[in-house]
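A.B. asks: Whatever this is, show me its structure:
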Amino acid sequence: MGTRRPRVTDWRLVVQSRLDRVRADLAALGPPDPLDPESRQWREVAEQEAAVVDDMINREESRLRTVASWWSGWHIERAWRSLHEAEIAVVAAGDGFLGRLPGLKARVAENLDEDDPRRVALEELRPGEFPLSIEREIVVDALRAAFDKSDFAHAGSRALRNKLIAASFVLFVVNTLLGIIGLVKPGLIPMCVGSERLPTVCPSGRTAAGADVWLIQVLGAFGAILSAVVLLLRRRPSLSPYVMIGYQATIKILLGAALAVIGILALGAGVTTGLIGVASQAALLLWAVILGYSQQIATRLLDSYTDRVMDQARPLPRLEGQR
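C.D. replies: Numbering: from 1, shown residues only. Here you go, the predicted model:
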């Protein structure tokens, strides 16, 4: 099995641009000061970590290993962690922090709480107040703490993504089995609805057919797609290396198909007698769409949880009026 070149993705573009910036900053430092051996060591660390990042974003792998890497996310997280170490090393290799302090404080403030002692020490730092070695320790400690929190959030995002994929696979298998059973043995999963006062109606007419379950699932999925469109419209852009919205939409669609089948079974069982009456085929099909859309009630909690995880992984600037 041959290797394949890595495809261009958003996270690779972001990491590559920041890697270029690291190398430009490293070149701008000029020759190392022979009286400052720590600076030389930090330059070497920056070059080593930059080489690791370059390897991660340009590594060629077989298709099988590409899938394994995508699932584990090790190449993404290794690239980000090495990039962060390279950025820290470039800052530490300099002989002063006066010009970088505003940016360093803003970056640390994105990830550390206001009362975090490392953030407090950085914000109270005044260039020249301490020896250069102590200033380095304060800056490096604060940056590492901030980057560590971001990196751990990346791992949490990947874990959530993998759970969404696993749940989607289970729902897909369940929906497929229901459809096959309905196709092989029409009526075994009754999709027809009737009562003493109303005639019996089925999704495809007045008698059970093999395509009834599939038809209800398709209409339920259509109702779920409507809620997925709403999700797309209200979703804020994310700078995280893991994009969840596609997996969230897949969960909604598959769950909508399953809930449509369950809901029609409930209607046929008379659970809603006296509340809901289905007098025609059109009404039955409309209820399948409505039941598919109803999955939004259950998935709203998932959407809210995903929003929190994504904000931690790559927080965006706060909007006016937000705290």
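
A.B. asks: Tell me where the model's unsure across this structure.
C.D. replies: Scanning the chain with the threshold set as pLDDT under 70 gives 1-7, 35, 96-98, 234-241, 272-275, 311-323.

A.B. asks: Could you check how many residues crowd around the nearest residue to Arg206 once chain neighbours are set aside?
C.D. replies: Nearest residue to Arg206, sequence neighbours excluded (Cβ to Cβ, 6 or more residues apart in numbering): Thr200, at 6.6 Å. To be clear about C-beta, it is placed using only N, CA and C from the backbone, and glycine gets the same treatment. Close neighbours of Thr200, defined as other Cβ atoms under 10 Å, add up to 13.

A.B. asks: Going forward, the N-terminal residue is numbered 708.
C.D. replies: Okay, residue one is now 708; in that scheme the one you just asked about reads as Thr907.

A.B. asks: what sits against Thr907?
C.D. replies: Listed by Cβ atoms under 8 Å, 6 or more residues apart in numbering, the contact set of Thr907 reads Cys899, Val900, Gly901, Arg913.

A.B. asks: what are the phi and psi angles of Glu768?
C.D. replies: In terms of degrees, to the nearest 10, the main-chain angles of Glu768 are phi -140, psi 160.

A.B. asks: That one contacts Ser776, doesn't it?
C.D. replies: Yes. Here Glu768 lies in contact with Ser776, judged by Cβ atoms under 8 Å, at a distance of 6.3 Å.

A.B. asks: Using CSV, write out the CA atom coordinates for the helix or strand where Tyr954 lies.
C.D. replies: Element membership of Tyr954 [criterion: DSSP states H and E] is helix 952-975. Taking Å, rounded to 0.1, in the frame of the first residue of the first chain, the C-alpha atoms of helix 952-975 are listed here in CSV:
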residue,chain,number,x,y,z
ILE,A,952,-20.8,20.7,13.1
GLY,A,953,-20.8,17.9,10.5
TYR,A,954,-20.9,15.2,13.1
GLN,A,955,-23.6,17.0,15.1
ALA,A,956,-25.7,17.3,11.9
THR,A,957,-25.2,13.5,11.2
ILE,A,958,-26.4,12.7,14.7
LYS,A,959,-29.5,14.8,14.2
ILE,A,960,-30.3,13.3,10.9
LEU,A,961,-29.9,9.7,12.0
LEU,A,962,-31.7,10.3,15.3
GLY,A,963,-34.5,12.0,13.4
ALA,A,964,-35.0,8.9,11.2
ALA,A,965,-35.1,6.6,14.3
LEU,A,966,-37.5,8.9,16.2
ALA,A,967,-39.8,9.1,13.3
VAL,A,968,-40.2,5.3,13.3
ILE,A,969,-40.7,5.2,17.0
GLY,A,970,-43.2,8.0,16.9
ILE,A,971,-45.3,6.4,14.2
LEU,A,972,-45.2,3.2,16.2
ALA,A,973,-46.6,5.2,19.1
LEU,A,974,-49.3,6.6,17.0
GLY,A,975,-50.3,3.2,15.7
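
A.B. asks: Show me what it packs onto, helices and strands only.
C.D. replies: If you count contacts as 3 or more Cβ pairs under 8 Å, 6 or more residues apart in numbering; DSSP states H and E, helix 952-975 packs onto helix 839-891, helix 919-941, helix 988-1000, helix 1002-1020.

A.B. asks: Against which helices or strands is the longest one packed?
C.D. replies: Helices and strands touching helix 839-891, as assessed by 3+ Cβ pairs under 8 Å, 6+ apart, comprise helix 781-800, helix 808-818, helix 824-830, helix 919-941, helix 952-975, helix 1002-1020.

A.B. asks: got the angle between it and helix 781-800?
C.D. replies: Here helix 839-891 runs at an angle of 170 degrees relative to helix 781-800 (axes from the mean of the first three to the mean of the last three Cα atoms, to 10 degrees).

A.B. asks: ok now helix 839-891, how far from the chain's centre?
C.D. replies: With Cα atoms, centre = their mean, to the nearest Å as the basis, helix 839-891 stands 6 Å off its chain's centre.

A.B. asks: Buried only: go through the contacts of Thr907 for me.
C.D. replies: The neighbour-count test (16 or more other Cβ atoms under 10 Å) marks Cys899, Val900, Gly901 as buried among the contacts of Thr907.
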